[in-house]
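A.B. asks: sequence below, structure please.
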Amino acid sequence: MIAAMVRKGRIHRALVLAMALAIFSSLPPSCSPHGINDGENVEALYSRADSLRAQGSLSEAHLLFRQAMDIFAGKGEYDRVSNCCYQIFTDYFNQRDMEGMKKIEKQMRELMEEHQENSIAYDYYSVLAAMESAELEEEDAPTDSLKDSVLLHFKKALEYQERMGVKEQVKRNVQPVWNYYNVAVLYDLMYEPPLSDSTRKYLEKAAEVCAKFPHNVVTDSIECEVSIRDMRAWLYYYDGKYKRAEAEMDTVCMMIESLKPFYGNKILSEQGEAYSFYVELYTKTGDMEKAMHYQQLSNQNDKERYNLDKNAAMHDIETKYDVEKKDLRINSLHRRNSILLIAGVLLILALAGAVATVFLREKQHELRREAEAKLAKEAADALRSNLVLMMEQLGISNVNPDYAKEIIESAEAPLSNVEQKYLLCFLSGMPTNTIADIFHVAPASVYTVRYRLKKKVKIS
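C.D. replies: Prediction:
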């Protein structure tokens, strides 16, 4: 998908981003699935282990990884020993098995201390940052020292990444663009208010690398730039530079359009997040007509993505348009009355105009109050109906929709439909990997969304 981790966070896009700094080496094709023969080489052994991991046979996969580690060590290929350790660590990380993570971290630390290779050090600090991020995730109020330690080890991983050189990075399939981008996201996520200067620093590094780093296909380069520009738009928004924020997101939308032929429906989530940005931007600047327009586009986008037959949230949009139409009629009457006042020469006409003005204002206030009351009720009903529909779509039955509605209504900033779906999944206790499969994202992105939702709704 477009944002390798969650972008900007509104979506945007948990706190645990460390695994993105680790390597995903290109390896030979997997061997035959009929067990391991004496003549099977170590690369095929590694591939077989990796295949078993994908099938969920972790114990057997770990046994083969450890056999491969012994062979790699005998051949003096210690960077591949490190790679095997990393693969095992990944499973412990996904299961949040802290004891298992600590054992592998200790083994990788000893490997790094004994063999001073850039790639081994890169793997080690990536794993260490991941383990600390998992600890950070468990803390309701993480200490600044723990936050600083996570960032320190992220930066150490980046330091060894930079020592590799482009050729070695490409060979090991290291992704420097996303590594810099993820550190920028961390600065945006872990501090309140976000450390905008540090976020910008690493975002610009990501932009610089994106411009010159070799990509496999053109869409990879555009994909990186979409995420970078997206976060840059939010930074402009934070600074109150609303015109620049709007222009940057306009560019993001054009680039998303260019990716549609390659990504199809997978691009809908990024487009929906862009619409959510416009809703927040135009609401902030008071342009409610545009805000309502993009809210409607956001709902249509969500309906297309999930193939919903009905979308109760549309009633909310229709009600808002009804209020807007009433306001336009009242304003039209007010302008016409003002012209009569200016043109009138008789005191009676002037007085009548003044009375009419007062009447119209009172009528306007009355209509507004009625419309707002109606809007509030219909919006609440629409939200609950939409939550019930989402729960049916997601197969969730153990969440009280009224409780979920109260949480959403208490949020400091409006939650998009996608964020509401994530919230329902979290409230239901659904496993992280299951949520990742539903939304077609990496598990790390799920943790990013969870962290951002915690910041918005202030719940565990």
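
A.B. asks: low-confidence ranges, the stretch 251-400 of the chain, go.
C.D. replies: The stretch 251-400 of the chain contains residues with pLDDT under 70 at 263-268, 305-346, 349-350, 352-356, 358-359, 371.

A.B. asks: buried sites along the helix or strand that contains Glu270?
C.D. replies: Assigned by DSSP states H and E, Glu270 falls within helix 268-285. By 16 or more other CB atoms under 10 Å, the buried positions in helix 268-285 come out as 268-283. In this view, the C-beta of every residue, glycine as well, is placed from N, C-alpha and C.

A.B. asks: and stretch 370-388, by the same measure?
C.D. replies: Within stretch 370-388, the residues that count as buried by 16+ other CB under 10 Å are 371, 375, 378-379, 382-387.

A.B. asks: just stretch 49-65 next, same as before
C.D. replies: For stretch 49-65, using 16+ other CB under 10 Å, the buried residues are 49-50, 52-53, 58, 61-62, 64-65.

A.B. asks: hang on, isn't Arg450 packed against Cys425?
C.D. replies: No - taking contacts as CB atoms under 8 Å, Arg450 lies outside contact range of Cys425: 9.4 Å.

A.B. asks: neighbour count winner among the two?
C.D. replies: Cys425 (25 against 20; other CB atoms under 10 Å).

A.B. asks: what about the more buried one, distance to Pro401?
C.D. replies: Distance of Cys425 to Pro401, given as CB to CB, to the nearest Å: 14 Å.

A.B. asks: how far is the stretch of helix or strand Gln296 belongs to from where the chain is centred?
C.D. replies: Here Gln296, judged by DSSP H and E, is contained in helix 288-306. Remark: helix 288-306 is offset 19 Å from the chain centroid, using CA atoms, centre = their mean, to the nearest Å.

A.B. asks: let's number from 20 now, not from 1
C.D. replies: Shifting the count to begin at 20 puts that one at helix 307-325.

A.B. asks: show me what it is packed up against.
C.D. replies: Judged by 3 or more CB pairs under 8 Å, 6 or more residues apart in numbering; DSSP states H and E, the packing partners of helix 307-325 are helix 287-304, helix 332-362, helix 436-446.

A.B. asks: picking that back up, closest one of the buried residues of stretch 68-84 to Lys473?
C.D. replies: Nearest to Lys473 out of the buried residues of stretch 68-84 is Leu77 (CB to CB; 29.4 Å).

A.B. asks: ok, the closest one - contacts?
C.D. replies: The contact partners of Leu77, by CB atoms under 8 Å, 6 or more residues apart in numbering, come to 71, 110.

A.B. asks: what's the local residue count around the closest residue to Ile247 other than its chain neighbours?
C.D. replies: Nearest in space to Ile247, with sequence neighbours left out and distances taken as CB to CB, 6 or more residues apart in numbering, is Ala226 at 5.0 Å. With neighbours defined by other CB under 10 Å, the count for Ala226 comes to 19.

A.B. asks: distance of Ala226 relative to Leu208?
C.D. replies: 19 Å.

A.B. asks: distance from the chain centre to stretch 449-462, please.
C.D. replies: Per CA atoms, centre = their mean, the centroid offset for stretch 449-462 relative to its chain is 13 Å.
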